[in-house]
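Peer 1: here is my input, please return the structure:
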Amino acid sequence: MSETPIPRATRREWWGLAVLVLPTILLALDMTVLHLAVPLLAADLKPTSAQLLWILDIYGFMIAGFLVTMGTLGDRIGRRRLLLTGAVAFGLASILAAYAHSATALIVARALLGVAGATLMPSTLSLIRNMFRRDDERTLAITVWMTGFIVGSAIGPLVGGAILAVFSWGAVFLLGVPVMVLLLIAGPIVLPEFRDTQAGRLDVRSALLSVAVMLSGIYALKDAARHGGSLAALVALVAALLLGWVFVRRQRRLADPMLDLDLFANRAFTASVCAVLLTLVALSGTWLMIYQYLQGVIGLTPLRAGVVMLPAALVQVAGAAVVPVLARRLRPAVLVSRGLFVAVAGFGIMAIAGEISPWPAVLGSVVMGVGVMPMMIMGTDLVVGSAPPERAGAAAAISETAAELGMALGIALLGSLGAAVYRWQMGDVLASLPPAAAAQAAETLSGALALASTLGTGGDTVLASARHAFTVALHANAAVGAAIALATALGARVLLRHLPVGGGGH
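Peer 2: Take a look at the predicted model:
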């Protein structure tokens with residue numbers, strides 16, 4: 001008996017894909033714009049280095065903590081319904097962030113943005129999984145979806161630079177409001193509704209456990225990276241392990257678990273989840289520093305920093321378009337590992353960036369971005385494609401949890417490493433300054449630049465030292481990123497070698 005052919009997607013599905021790309025563009029744009037606004041934000045709110053890292057990474061932490069819960073909630077109440085509800089929440093949280101008047105208020109607003117963002121990403125991926133049933137169409141759709149991130153990264157610096165040239169840093173958060181309004185208007189028209197009709201009620205206890213595990217584990221890693229083996233980090237780590245054990249045991253006992261652990265029995269699924277996480281740890285840890293480097297070390301305005309980084313984003317767009325073509329000719333293990341080897345070269349170029357010309361850093365970003373594209377597209381496709389359609393929300397949530405957790409950990413761990421290297425390099429200069437001035441210069445590059453502007457002739461030494469220290473910190477982050485990317489490339493080459501050309505996650 002012949003199998004029923006899988007129907008091709010119609011025009012409505014492709015228009016729906018265009019609508020689903022909107023949140024991805026926004027979230028990428030939101031992140032690149034925020035990195036661009038860091039110097040102005042730091043000068044206005046005067047956060048400590050710890051507060052600045054929280055402003056940057058609390059968003060990713062909250063997304064990572066709530067993604068699994070939101071993914072399974074979408075399976076139960078409907079993925080379109082969850083997407084539109086999240087759009088409303090994201091728009092309101094964007095307004096709160098735009099008008100935050102203190103570092104603490106901005107951290108809270110960014111946390112709310114993270115919770116809202118956790119409703120958007122698994123909804124978009126799971127809808128794609130249901131709308132595009134054929135493997136070739138799903139790969140193309142995920143490529144288009146991933147390209148949305150790149151387009152957001154490309155236009156973010158330009159749009160953000162233009163806004164920051166006229167308005168205060170808070171205006172960059174208002175970019176999310178019109179995008180969410182457009183999503184709310186177009187979504188009900190072109191997006192179908194999907195839900196798992198066999199799913200039971202949402203297990204609130206499992207949801208709370210998953211959030212507690214993620215947040216306590218992330219806090220432990222972040223605190224350990226900043227302060228070493230502190231008691232707080234140890235307590236948080238033990239709590240994360242115990243809560244994680246309770247969560248896993250509960251999922252195995254439930255007839256309808258919130259997290260389907262059977263998905264991890266698929267080797268391609270598990271390897272792809274881990275590879276996506278590690279790739280984004282390496283990438284985001286370096287990307288965190290690039291715009292601060294271009295403005296604080298090279299001396300570019302926000303708009304010029306956006307312009308010089310445009311080639312990196314445009315080349316990534318072109319690279320993403322080539323991935324589906326290469327996927328029809330190369331096995332996933334070969335395509336992904338070769339791409340990551342290219343990314344290692346990009347990190348290496350970034351590690352020789354100087355204090356005069358921005359072009360080594362720009363070239364490194366181009367090579368690095370092209371190299372990670374096969375991993376990001378093929379990895380996401382393998383994760384989502386390995387799950388049955390009715391579990392698409394859970395698989396998409398796991399994929400996005402890996403991505404967001406990777407970005408958050410990259411910012412927290414490599415961001416803390418960069419801050420430590422910066423302070424170490426500034427040691428001699430800090431010793432010669434009064435305690436209050438030394439504390440300001442040690443916290444952030446922006447603090448050191450602001451201090452230098454008030455010291456007259458003596459400020460030249462502080463300025464030169466701060467720029468050199470930050471450049472060395474960038475080199476350190478790039479070196480660690482290269483090591484992580486290399487290890488990921490070797491692991492993907494081994495763990496994905498059983499998949500044929502065009503092979504999915506099954």
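Peer 1: please name the nearest non-neighbouring residue to the residue sitting nearest the centre point of the chain.
Peer 2: The residue lying closest to the centre of the chain (CA atoms, centre = their mean) is Met407, at 3.9 Å. Closest residue in space to Met407, ignoring its immediate chain neighbours: Ser284 at 4.3 Å, by CB to CB, 6 or more residues apart in numbering. For glycine as for every other residue, the C-beta is placed from the backbone atoms N, C-alpha and C.
Peer 1: and Pro358, by the same measure?
Peer 2: Ile298 (4.8 Å).
Peer 1: pLDDT score for the one you found?
Peer 2: Note on Ile298: pLDDT of 91.
Peer 1: same check on the one 10 residues further on?
Peer 2: Each residue has a pLDDT score; the one for Val308 is 84.
Peer 1: Arg226 now?
Peer 2: Residue-level pLDDT assigned to Arg226 equals 61.
Peer 1: what of Ser337?
Peer 2: If you check Ser337, the pLDDT there is 93.
Peer 1: next one: the one 4 residues further on
Peer 2: Note for Phe341: predicted pLDDT of 96.
Peer 1: excluding sequence neighbours, find me the nearest residue to it.
Peer 2: The shortest distance from Phe341 to any non-neighbouring residue, by CB to CB, 6+ apart, is to Ala489 (5.4 Å).
Peer 1: for that neighbour, which residues are in contact?
Peer 2: 336-338, 340-341, 343-344 (CB atoms under 8 Å, 6 or more residues apart in numbering).
Peer 1: out of those, which are inside strands?
Peer 2: Among those, DSSP state E puts none in strands.
Peer 1: adding neighbour count and distance to Leu414 as columns, could you present these in a markdown table?
Peer 2: Below are the contacts of Ala489 laid out as a markdown table (neighbours: other CB atoms under 10 Å; distance: CB to CB, whole Å):
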| residue | neighbour count | distance to Leu414 |
| --- | --- | --- |
| Val336 | 34 | 22 |
| Ser337 | 25 | 22 |
| Arg338 | 17 | 24 |
| Leu340 | 27 | 17 |
| Phe341 | 15 | 20 |
| Ala343 | 30 | 15 |
| Val344 | 21 | 16 |
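Peer 1: in TSV, list those residues along with distance to Thr270.
Peer 2: Below are those laid out as TSV (distance: CB to CB, whole Å):
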residue	distance to Thr270
Val336	14
Ser337	17
Arg338	21
Leu340	18
Phe341	22
Ala343	21
Val344	23
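Peer 1: picking that back up, helix or strand for the residue nearest to Met407, which one?
Peer 2: Assessed by DSSP states H and E, Ser284 sits inside helix 267-292.
Peer 1: what residues sit buried inside that helix?
Peer 2: By neighbour count on 16 or more other CB atoms under 10 Å, the buried set for helix 267-292 is 268-292.
Peer 1: give me the pLDDT for the closest residue to Lys46 other than its chain neighbours.
Peer 2: With CB to CB, 6+ apart as the criterion, Lys46 has its nearest non-adjacent residue at 7.4 Å, and that residue is Ala103. Looking at Ala103, its pLDDT is 88.
Peer 1: Ala103 touches Ala42, doesn't it?
Peer 2: No - using CB atoms under 8 Å as the test, Ala103 is too far from Ala42 to be in contact (9.1 Å).
Peer 1: okay, and the common contacts of the two?
Peer 2: Shared contacts of Ala103 and Ala42, defined by CB under 8 Å, 6+ apart, comprise Leu52.
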